[in-house]
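Colleague: task: produce atomic coordinates for the following.
(one chain, ligands or ions: 1)
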Amino acid sequence: MSNHPELQAGIVLVGAPGSGKGTQATRLQNTLGYVHISTGDLLRAAVAAGTSLGQQAKAYMDAGGLVPDALVIDLVKQALAAPRAHKGFLLDGFPRTLAQARALEAADVRVSCVVNLLVPFELIERRIIGRRSCPNGHVFHLEYAPPKRQDVCDKCGQALAQRSDDTPEKVRARLEKFASETQPVIEHYAHTPGLVVDVDGLGDPDEVFARVTAVLR
Ligand code: AMP
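Modeller: Take a look at the predicted model:
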């Protein structure tokens with residue numbers, strides 16, 4: 001995938017949809033200077049741009065399913081090849097299947113820490129349904145982090161909207177995929193002693209960030 005000897009080890013953020021991976025990854029990127037590689041963001045950008053990848057990925061995403069491994073692996077491969085990734089990288093939303101985890105290993109991409117953000121499933125739906133974001137990826141929450149002006153991004157003034165896969169039935173489909181496809185990835189990493197660190201994802205993003213930085217290595 002990379003096979004670049006100069007590529008530093010990276011951090012993998014795992015957690016159910018709505019566990020706060022994106023929020024924490026953005027903060028870590030700012031603090032550590034690592035490149036934040038979010039497959040969800042890359043895929044949404046491809047869909048918005050109408051690229052061939054975006055056209056292929058759209059139906060899977062709309063249904064709350066997973067985009068085929070080959071497409072996503074290729075996307076991450078390109079992101080890791082960028083010179084900026086050589087300082088270190090944060091994978092957010094990847095790997096989500098065992099095949100994706102094995103693709104990283106086959107390419108000698110080193111993972112120094114797997115941060116497993118834990119949020120009870122009962123709370124996930126509430127977190128996701130209230131989520132609103134702008135086209136530049138700034139994320140708000142109607143209840144927990146409301147924008148100053150309704151439906152307008154505080155940071156860039158663009159309109160806020162709900163993600164098309166953030167509806168209750170799609171959230172349920174995504175949670176099922178998480179249980180069937182992504183839990184085995186966490187179990188796979190847990191075979192390496194000390195690699196996976198569980199972090200309580202409940203509470204204010206600042207508190208969660210303090211917990212995340214305390215466990216990083
Ligand atoms: P996210 O923003 O991480 O919740 O991702 C949104 C959607 O993009 C997911 O529900 C999947 O349809 C797709 N997606 C993101 N990352 C992956 C991945 N690693 N493998 C397969 N599909 C993905």
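
Colleague: check which helix or strand covers the residue located most distally from the centre of the chain.
Modeller: Taking CA atoms, centre = their mean, the residue of the chain most remote from its mean C-alpha position is residue 149, at 26.9 Å. Using DSSP states H and E, residue 149 sits in no helix or strand.

Colleague: next one, pLDDT for it please.
Modeller: We have a pLDDT of 96 for residue 149.

Colleague: which residues touch it?
Modeller: By CB atoms under 8 Å, 6 or more residues apart in numbering, no residues touch residue 149. No exception for glycine: its C-beta is placed from N, CA and C like everyone else's.

Colleague: repeat that for residue 167.
Modeller: residue 129 are the contacts of residue 167 under CB under 8 Å, 6+ apart.

Colleague: okay, now residue 163: neighbour count?
Modeller: Residue 163 has 15 neighbouring residues, counting by other CB atoms under 10 Å.

Colleague: please verify my assumption that it contacts residue 135.
Modeller: No: in this structure, residue 163 is not within contact of residue 135 by CB atoms under 8 Å, at 11.4 Å.

Colleague: how about the residues of this structure by the ligand?
Modeller: Contact residues, the chain versus the ligand (CB under 6 Å from any ligand atom): 17, 39-40, 43, 60-61, 64-67, 72, 93-94, 96, 100, 165, 174.

Colleague: overlap in contacts, residue 163 and residue 135.
Modeller: Common neighbours of residue 163 and residue 135 (CB under 8 Å, 6+ apart) do not exist.

Colleague: separation between the residue farthest from the centre of the chain and residue 205?
Modeller: Distance of residue 149 to residue 205, given as CB to CB, to the nearest Å: 21 Å.

Colleague: again, but for residue 71
Modeller: As judged by CB to CB, residue 71 and residue 205 stand 30 Å apart.

Colleague: for the residue of the chain found nearest the ligand, which non-adjacent residue is spatially closest?
Modeller: Relative to the ligand, the nearest point of the chain is residue 40 (2.0 Å; CB to the nearest ligand atom). Closest residue to residue 40 apart from its sequence neighbours, by CB to CB, 6 or more residues apart in numbering: residue 93 at 4.8 Å.

Colleague: now swap in residue 162 and tell me
Modeller: Distances taken as CB to CB, 6+ apart place residue 132 nearest to residue 162, at 5.9 Å, with adjacent residues excluded.

Colleague: surely the one you found touches residue 141?
Modeller: Yes: contact criterion CB under 8 Å: residue 132 and residue 141 qualify, at 7.2 Å.

Colleague: what about these two, which has more around it?
Modeller: When neighbours are counted by other CB under 10 Å, residue 132 and residue 141 differ, and residue 132 comes out ahead with 22 against 18.

Colleague: which strand or helix spans the more buried one?
Modeller: Assigned by DSSP H and E, residue 132 belongs to strand 131-133.

Colleague: same for that strand, what does it pack against?
Modeller: Contact analysis of strand 131-133 by 3 or more CB pairs under 8 Å, 6 or more residues apart in numbering; DSSP states H and E lists strand 139-141 as its packing neighbours.

Colleague: all set now, cheers.
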